[in-house]
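Asks: I'd like to go over a predicted model; first the sequence, then the structure.
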Amino acid sequence: MEGRLIAYKLLGEGRVAPFSRLVWPEPGEWLEAASVDPCRSGIHACHALQLPPWLALGDLWEVELEDVLEQERKVVARRGRLVRRVDEWHAAAQRAFGVACGEATRRRAARAPELQVFADDIATAPPAPVCGYMAARAAELQEGPEGYDAERRRQAQWLIENLRLKDRADAGSRWSRWFGR
């Protein structure tokens, strides 16, 4: 377990966590868990580089975590608090993310026509999380697990740069371990 770190969490309207339905307190107030047991108890969030598979509709929040357990696809902590809503994750940014995923998928389809269905589906402008998944899946079909990982890294870099997210400098070296590849 580590000390303190900055991570990210997607919450629905009213700061409601999507899986637990827990309502997070106001920014700055600590939320505490009795124990840290991944997928069962604890405060779940992710590093910016882990974010693409977790994208969902709702608000993206920067969170501060204490007593953190690192997992392959997430981080789980004993304590967490909202630092700020990432206002840069607005409708226009979500559309731009979808467009970036569509462009990457169109480039793949130009080399592998069987992937054109993914490019066509993304062109219908589904929600950003769907675009991200479809682009990653097309990459996986073309290049295997390494293609999936590379596409998710590209998406994470887009999010980090365009939303001005923070991430640990050494996190990239663990990318494929986080995705179980």
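Replies: Perfect, I can see it now. In this text, all values refer to a predicted model and were calculated from it rather than measured experimentally.

Asks: going by C-alpha atoms from here, please, whenever you check contacts or count neighbours.
Replies: OK.

Asks: and the contacts of whichever strand or helix holds residue 117?
Replies: Here residue 117 sits within helix 116-123, counting by DSSP states H and E. Here helix 116-123 makes contact (CA atoms under 8 Å, 6 or more residues apart in numbering) with 98-99, 101-103, 105-106, 109-110, 131, 134-135, 138.

Asks: can you do 7 Å?
Replies: Outside helix 116-123, the residues that touch it by CA atoms under 7 Å, 6 or more residues apart in numbering are 102, 105-106, 109, 131, 134, 138.

Asks: okay if I get those as TSV plus neighbour count and secondary structure?
Replies: Output for those, formatted as TSV (neighbours: other CA atoms under 10 Å; DSSP: H, G, I helix; E, B strand; the rest coil):
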residue	neighbour count	secondary structure
102	24	helix
105	28	helix
106	23	helix
109	20	helix
131	27	helix
134	21	helix
138	26	helix
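
Asks: now the two most distant members of the residues you listed.
Replies: 109 and 131 (14.7 Å; CA to CA).

Asks: buried stuff in stretch 33-51?
Replies: 36, 38, 42-51 (16 or more other CA atoms under 10 Å).

Asks: from the residues you listed, which two are the most distant?
Replies: 36 and 49 (21.8 Å).

Asks: any figure for the gap between residue 143 and residue 133?
Replies: In this view, residue 143 and residue 133 are 15 Å apart by CA to CA, to the nearest Å.

Asks: same drill for these two, tell me which one is more crowded.
Replies: Neighbour count, other CA atoms under 10 Å: between residue 143 and residue 133, residue 133 has more, with 19 against 14.

Asks: element containing the more buried one?
Replies: helix 128-143.

Asks: need the contact partners of that helix.
Replies: 52, 55-56, 94-95, 97-98, 101-102, 105, 115, 118, 122, 147-148, 151-152.

Asks: narrow those residues to those in helices?
Replies: Using DSSP state H, 94-95, 97-98, 101-102, 105, 118, 122, 147-148, 151-152 are the members of the contacts of helix 128-143 that sit in helices.

Asks: so what's the residue count around residue 125?
Replies: Neighbours of residue 125 (other CA under 10 Å): 14.

Asks: quick revisit: mind putting the contacts of helix 116-123 into CSV with pLDDT and distance to residue 158?
Replies: Formatted as CSV, the contacts of helix 116-123 follow (pLDDT from 0 to 100; distance: CA to CA, whole Å):
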residue, pLDDT, distance to residue 158
102, 94, 13
105, 95, 15
106, 94, 17
109, 93, 21
131, 94, 13
134, 95, 16
138, 96, 18
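
Asks: could you tell me the angle between the helix holding residue 133 and helix 116-123?
Replies: 160 degrees (axes from the mean of the first three to the mean of the last three CA atoms, to 10 degrees).

Asks: helix or strand with the lowest mean pLDDT in this structure?
Replies: helix 175-178 (a mean of 41; mean pLDDT, DSSP states H and E).
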